[in-house]
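Peer 1: Sequence unavailable; structure follows:
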């Protein structure tokens, strides 16, 4: 399908152009700059309406395609398009960006125009990642995202922001260098950077193996998977509330999306061969990191470790598909795992943004993230406590919330292969309840802890909009996940048909 309007280009470049305009307005007109940023983010979100309504979910073909020669000497095109995997993630990005700008409206006093401009630029670059159909263009957007997030943490972060920023940058940049080497190798072999060409290129097992681990290093850091997860808690703790919301809600999902776009379709035989490794790493993340979360005394750090544990379900769902195909010789049985991984990405986007947003509400009032500094918040902030408990239940995977749907689908898929793997994955339901309810008990309930908590005021209108919107989507997906599942169905089926066809056919032994 081609659009009458270049919707994807608008989704990429409108926020970036808005960021430039906001920077021009500057802090001398901070109020006007913030309103301009909000209007640009709302206009970008509005573009998602025709994108969703005109999307044909009956086909796995790329839609709203835009393609223009870019670097002709290397056959690089400015090539955009979306399918059922891209669309929900672009919508998630646009929703979260609007909420982040509202959340920081009165909170950010230092260089507010640069703050909102950084988030607009980040939104455009993330949309570019999800829409890019040229591997080099993908890499440009993939690396470009680091710049605004580097600035957000480094300028508006906490006392150890320089350390956290450098650690974040080095981990993510060094990991993606290996992806670039893999893309260069593929170009030299096939003279193309087009993802469609790379995904159909015949590769030997040794070639696939090297490419698989090159992509693994890039995307495992982004998710992040155990054991390359250590940058995330530091980044979350030092980042401002808006930075944590975007980092958890969208940027971590780019790692899972990278597996869907690169690792699985480009190196299917190697992915099948090393599926056991990814499954093992995912289970360690689900179980071990859950125990680590139990020991945290900083609310942000607890939620950060919780994110690592929950994102383990994404990689588990994607790679359990290979075990299911090998067991049943039918891609249909593996669809549940991939669908569960995608639903988990969208669900975790809303739940994690809500949890970090709720912590931000408390931090704005008390200026502490230490659990020990709170207690009895329900007595002074009953509406906030209601939202916090609801989001905590979603984080635990309570049925009826979005947190349950994706995890249940992945556990069910795992059970079709191995009850042992399913049982280990299900441990997160116990651990998630343990660390989340322990957090809620110490912060929300009990007697009022101190005079600061006694003087807390409940949610203002801006906070109502942010937390209320997130609560709506958490409940909506929890009660009716069909719109998210249906829009990706054809793409899931096409991916499974692709990865169950060996690339070794016809190659010399």
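Peer 2: Happy to help now that I have it. The model shown is predicted, which means the values in this text are computed figures rather than measured ones.

Peer 1: Tell me the confidence at residue 487?
Peer 2: Looking at residue 487, its pLDDT reads 92.

Peer 1: now swap in residue 407 and tell me
Peer 2: Here the pLDDT value assigned to residue 407 is 89.

Peer 1: Point out where this structure drops to low pLDDT.
Peer 2: Applying pLDDT under 70 to the chain flags the ranges 1-4, 326-333, 449, 505-509.

Peer 1: quick one: the strands in it?
Peer 2: 63-71, 76-82 (DSSP state E).

Peer 1: Packed most tightly, which of those strands would that be?
Peer 2: Highest mean neighbour count among the strands of the chain (mean count of other Cβ atoms under 10 Å): strand 76-82, with a mean of 21. (Each C-beta comes from the backbone N, C-alpha and C, glycine too.)

Peer 1: start to end distance for stretch 264-282?
Peer 2: 16 Å (Cα to Cα, to the nearest Å).

Peer 1: Show me what stretch 157-169 is in contact with.
Peer 2: Outside stretch 157-169, the residues that touch it by Cβ atoms under 8 Å, 6 or more residues apart in numbering are 146, 149-150, 153-155, 230-231, 234-235, 237-240, 243.

Peer 1: a markdown table for the strands of the chain, including distance to residue 138?
Peer 2: Conversion of those to a markdown table gives the following (distance: least, Cβ to Cβ, whole Å):
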| stretch | distance to residue 138 |
| --- | --- |
| strand 63-71 | 12 |
| strand 76-82 | 10 |
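
Peer 1: Can you check which of those strands gets nearest to residue 433?
Peer 2: strand 76-82 (36.3 Å; Cβ to Cβ).

Peer 1: Give me the angle between the closest one and strand 63-71.
Peer 2: 170 degrees (axes from the mean of the first three to the mean of the last three Cα atoms, to 10 degrees).

Peer 1: what distance separates strand 76-82 from the centre of its chain?
Peer 2: What separates the centre of strand 76-82 from the centre of its chain is 22 Å, taken as Cα atoms, centre = their mean, to the nearest Å.

Peer 1: Distance of the nearest residue to residue 306 once chain neighbours are set aside relative to residue 214?
Peer 2: Spatially, and ignoring its direct neighbours in sequence, residue 306 is nearest to residue 293 (5.2 Å; Cβ to Cβ, 6 or more residues apart in numbering). Relative to residue 214, residue 293 is positioned 31 Å away (Cβ to Cβ, to the nearest Å).

Peer 1: Give me the distance between the closest residue to residue 194 other than its chain neighbours and residue 460.
Peer 2: In space, and not counting its chain neighbours, residue 194 is closest to residue 134: 5.9 Å by Cβ to Cβ, 6+ apart. Distance from residue 134 to residue 460, counting by Cβ to Cβ: 45 Å.

Peer 1: Look at those two and report which has more neighbours.
Peer 2: More crowded of residue 134 and residue 460, by other Cβ atoms under 10 Å: residue 134, with 25 against 11.

Peer 1: Test my guess that the more buried one contacts residue 79.
Peer 2: Yes - using Cβ atoms under 8 Å, residue 134 makes contact with residue 79 at a distance of 4.3 Å.

Peer 1: Quick test: name the residue nearest the centre of the chain.
Peer 2: residue 253 (2.5 Å; Cα atoms, centre = their mean).

Peer 1: which residues touch the residue nearest to it when sequence neighbours are not counted?
Peer 2: Leaving out its chain neighbours, the residue that sits closest to residue 253 by Cβ to Cβ, 6+ apart is residue 345, at 4.6 Å. By Cβ under 8 Å, 6+ apart, residue 345 lies in contact with 89, 253, 256-257, 314, 406.

Peer 1: Among these, which pair sits farthest apart?
Peer 2: Across the contacts of residue 345 (Cβ to Cβ), the longest gap, 14.7 Å, separates 257 and 406.

Peer 1: Identify the residues contacting the closest residue to residue 180 other than its chain neighbours.
Peer 2: Excluding the flanking residues, the one nearest residue 180 by Cβ to Cβ, 6+ apart is residue 139, at 6.0 Å. Contact analysis of residue 139 by Cβ under 8 Å, 6+ apart lists 176, 179-180, 183.

Peer 1: Of those, which belong to helices?
Peer 2: Assigned to helices by DSSP state H, the following of the contacts of residue 139 qualify: 176, 179-180, 183.

Peer 1: By neighbour count, which of the residues you listed wins?
Peer 2: Counting by other Cβ under 10 Å, top hit in the ones in helices among the contacts of residue 139: residue 179 with 24 neighbours.

Peer 1: just checking, it touches residue 214?
Peer 2: Yes - the criterion here is Cβ under 8 Å, and residue 179 meets it with residue 214 at 5.9 Å.

Peer 1: and the gap between residue 193 and residue 137?
Peer 2: Distance from residue 193 to residue 137, by Cβ to Cβ: 8 Å.

Peer 1: shared neighbours, these two?
Peer 2: 76-77.

Peer 1: hmm, who's touching stretch 413-426?
Peer 2: 279, 283, 286-287, 313, 316-317, 320-321, 323-324, 327-328, 333-334, 336-337, 340, 407, 410-412.

Peer 1: ugh, wrong one, I meant stretch 429-446
Peer 2: Taking Cβ under 8 Å, 6+ apart as the rule, stretch 429-446 contacts 287, 290-291, 293-294, 296, 299, 302, 306, 309-310, 362, 371-372, 374-378, 385, 388-389, 392, 395-397, 407.

Peer 1: list the contacts for the residue nearest to the centre of the chain?
Peer 2: So residue 253 contacts 89, 92, 314, 345, 348-349 (Cβ under 8 Å, 6+ apart).

Peer 1: now, which of those residues lie within helices?
Peer 2: 89, 92, 314, 345, 348-349.

Peer 1: Find the pair from these with maximum spatial separation.
Peer 2: Largest pairwise distance in these, by Cβ to Cβ, is 13.7 Å, between 92 and 314.

Peer 1: who has more neighbours, the two?
Peer 2: Each of residue 92 and residue 314 has its neighbours counted (other Cβ under 10 Å); residue 314 has more, 29 against 25.

Peer 1: for the more buried one, what are its contacts?
Peer 2: Neighbours of residue 314 in contact, by Cβ under 8 Å, 6+ apart: 223, 253, 256, 341, 344-345, 348.

Peer 1: one more time with 10 Å, if that's ok
Peer 2: Residue 314 makes contact with 223, 225, 252-253, 255-257, 259-260, 282, 285, 340-345, 348, 406, 410 under the criterion Cβ atoms under 10 Å, 6 or more residues apart in numbering.

Peer 1: show me where the stretch 201-350 of the chain has helices.
Peer 2: 205-222, 231-238, 241-246, 253-258, 264-266, 268-273, 275-294, 299-328, 335-366 (DSSP state H, counting those that start in this stretch).

Peer 1: Export those as a markdown table, with columns for distance to residue 453.
Peer 2: Shown next, in a markdown table, are the helices of the stretch 201-350 of the chain (distance: least, Cβ to Cβ, whole Å):
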| stretch | distance to residue 453 |
| --- | --- |
| helix 205-222 | 37 |
| helix 231-238 | 21 |
| helix 241-246 | 19 |
| helix 253-258 | 35 |
| helix 264-266 | 49 |
| helix 268-273 | 50 |
| helix 275-294 | 24 |
| helix 299-328 | 14 |
| helix 335-366 | 7 |
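
Peer 1: Could you say which of these is packed most deeply?
Peer 2: Of those, helix 241-246 is the most buried (mean count of other Cβ under 10 Å), at a mean of 28.

Peer 1: elements contacting that one?
Peer 2: Contact here means 3 or more Cβ pairs under 10 Å, 6 or more residues apart in numbering; DSSP states H and E; on that basis helix 241-246 packs against helix 86-103, helix 112-131, helix 146-156, helix 231-238, helix 299-328, helix 335-366, helix 461-479.

Peer 1: before we move on, the earlier item: right, and the residue nearest to residue 194 touches residue 76 too?
Peer 2: Yes - Residue 134 lies in contact with residue 76 (Cβ atoms under 10 Å); the separation is 6.1 Å.
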